[in-house]
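Chemist: sequence and computational prediction follow.
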Amino acid sequence: MSALVAVASLLLTVALLPVPGGVIFAPFTFGLFLLSLVAVLRGLDDRSVRQRNPRVDPTRWRGTS
């Protein structure tokens with residue numbers, strides 16, 4: 001549903017720009033697009049690679065000398 005709102009508000013923003021007086025309403029529709037885009041991106045699964053946590057040894061960088 002959020003994706004439909006995002007597409008519709010972006011198209012409405014583009015359609016309002018050439019209309020006289022539409023520039024006044026274009027930032028509101030673009031803001032709606034940004035909010036719905038955040039909702040769409042938040043709903044996606046996290047596909048990032050999990051980093052394993054190696055044991056931290058604070059003396060390892062000093063060397064063995």
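Modeler: It's in. Predicted, not measured: the structure shown is a model, and the values here were computed from it.
Chemist: please count neighbours and contacts with C-alpha atoms only from this point.
Modeler: Fine.
Chemist: outside of the helix or strand harbouring residue 24 itself, list whatever touches it.
Modeler: For residue 24, the enclosing helix or strand under DSSP states H and E is helix 22-42. Applying CA atoms under 8 Å, 6 or more residues apart in numbering, the external contacts of helix 22-42 come out as 2-3, 5-7, 9-10, 12-14, 16-17.
Chemist: residue 47: which of these is nearest?
Modeler: Taking CA to CA as the measure, residue 47 lies nearest residue 3 of those, at 19.5 Å.
Chemist: per-residue confidence at the closest one?
Modeler: Per-residue pLDDT puts residue 3 at 92.
Chemist: returning to that earlier point: just the buried residues of the contacts of helix 22-42.
Modeler: Among those, those scoring as buried are 2, 5-6, 9-10, 12-14, 16 (criterion: 16 or more other CA atoms under 10 Å).
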